[in-house]
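> based on what follows, work out the 3D shape:
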Amino acid sequence: MSKKVWITGASSGLGLHTAQALREAGFTVVAGARSYADETRRQDALCLPLDVTNEESVQAFVEKALTLTGAPDVLVHCAGVLNLGACECYGDAEIRLVMETNFFGLTRMVRHVLPLMREKGKGRLVAFSSINGLLGIPWEGAYCASKHAMEGYLECLRMESAPFGIEVMVVEPGDHSSGSSQYRRHGENMHKDNPYYERYQKGIRVIAHDEENGSDPKKLGKKVARALRKKHLPCKLLIAKWDQRLAVMLHDALPVRWFSRFISMYYKQ
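Here you go, the predicted model:
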């Protein structure tokens with residue numbers, strides 16, 4: 001069983017619960033997050049500062065983590081941010097922040113960590129996408145774009161890295177009650193004079209309700225830990241309630257126009 005795990009975005013949300021589950025399952029965890037000002041230890045995890053949007057921060061994290069544990073057996077990428085808004089109204093800086101964190105943050109970690117695994121001849125990468133990497137919903141255009149980018153990148157990476165003994169698993173969570181309001185941003189242009197404003201307000205109330213009544217994040221962490229104990233890592237791990245699983249199936253089965261109407265009605269369009 002793989003033992004040494006490096007995990008990004010570990011101070012809150014699904015990253016925090018996953019890190020806790022991995023520690024409880026016996027893994028040695030090095031946790032990275034922007035909120036960690038300096039090296040510390042929390043609940044038997046080694047915690048280091050890490051901003052995945054910054055190349056120097058990633059380099060410093062990797063160098064320090066290597067001195068603490070040596071090369072990792074597993075990299076778990078959970079760092080992410082959500083910016084709510086109308087696609088038309090996103091500013092360049094808003095979209096770049098989402099892509100820098102969710103997508104380019106992943107590619108930076110891969111560039112630094114996979115060579116260490118390749119040298120060992122084995123390793124496992126677990127990356128948190130979302131069911132929004134499988135389908136789009138209103139008011140999450142930048143987030144959905146970043147998760148779709150992750151899905152395509154990881155599918156390619158899985159094929160390329162397999163000959164080196166590296167396995168890739170994509171975690172696709174539905175809504176979880178994991179304190180997501182801490183990273184949920186609102187578009188700067190979504191003010192009362194915005195032509196989308198009234199429908200936007202209806203939609204984000206649905207989004208907030210679904211997150212507040214989402215699945216138990218502790219159970220998600222335990223499912224990730226169980227997957228990492230398996231001899232062969234699953235390629236995908238969809239963790240969502242039945243209605244969100246149904247939405248994914250309908251997205252693939254229905255004509256695009258029908259599915260779009262269905263989702264639009266749900267989000268009060």
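
> in stretch 238-246, which residues are buried?
Judged by neighbour count (16 or more other C-beta atoms under 10 Å), stretch 238-246 contains these buried residues: L238, I239, A240, Q244. Just so you know, the C-beta spots here come from the backbone N, C-alpha and C atoms, and that holds for glycine as well.

> okay if I get these as CSV plus secondary structure and pLDDT?
CSV is the format used below for the buried residues of stretch 238-246 (DSSP: H, G, I helix; E, B strand; the rest coil; pLDDT from 0 to 100):
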residue, secondary structure, pLDDT
L238, strand, 96
I239, strand, 94
A240, coil, 92
Q244, helix, 93
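
> what would these look like in TSV with distance to V224?
Converted to TSV, the buried residues of stretch 238-246 look like this (distance: C-beta to C-beta, whole Å):
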residue	distance to V224
L238	12
I239	8
A240	14
Q244	18
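
> ok, those vs Y200, which is closest?
Closest approach to Y200 among the buried residues of stretch 238-246 (C-beta to C-beta): Q244, at 21.4 Å.

> pass me the low-pLDDT residue ranges in the stretch 1-150 of the chain, would you?
Along the stretch 1-150 of the chain, segments meeting pLDDT under 70 span 1-2, 38-44.

> let's go with 80 and repeat that
Low-confidence segments of the stretch 1-150 of the chain (pLDDT under 80): 1-2, 37-45.

> what about the strands in it?
For the stretch 1-150 of the chain, the strands defined by DSSP state E, counting those that start in this stretch cover 4-8, 28-33, 40-42, 45-49, 74-77, 82-84, 123-128.

> let's have these in CSV, adding mean neighbour count and distance to Y153.
CSV is the format used below for the strands of the stretch 1-150 of the chain (neighbours: other C-beta atoms under 10 Å; distance: least, C-beta to C-beta, whole Å):
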stretch, mean neighbour count, distance to Y153
strand 4-8, 26, 16
strand 28-33, 26, 20
strand 40-42, 12, 31
strand 45-49, 20, 25
strand 74-77, 26, 11
strand 82-84, 22, 19
strand 123-128, 24, 9
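
> in the protein, which spans are helices?
For the chain, helices defined by DSSP state H occupy the ranges 13-24, 55-69, 92-99, 105-120, 141-161, 197-212, 217-229, 242-253, 256-266.

> in a markdown table, list these along with distance to P49.
Converted to a markdown table, these look like this (distance: least, C-beta to C-beta, whole Å):
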| stretch | distance to P49 |
| --- | --- |
| helix 13-24 | 15 |
| helix 55-69 | 7 |
| helix 92-99 | 19 |
| helix 105-120 | 14 |
| helix 141-161 | 23 |
| helix 197-212 | 27 |
| helix 217-229 | 22 |
| helix 242-253 | 34 |
| helix 256-266 | 39 |
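
> in the chain, which residue is closest to the centre?
Central residue of the chain (C-alpha atoms, centre = their mean): F128, 3.2 Å from the mean position.

> who is it paired with across the strands?
Under DSSP bridges, the beta-bridge partners of F128 are V171.

> relative to I239, how far out is it?
According to C-beta to C-beta, to the nearest Å, F128 and I239 sit 10 Å apart.

> next one: K219
With C-beta to C-beta as the criterion, K219 and I239 are 8 Å apart.

> ok, S35 next?
Using C-beta to C-beta, we find S35 at a distance of 24 Å from I239.
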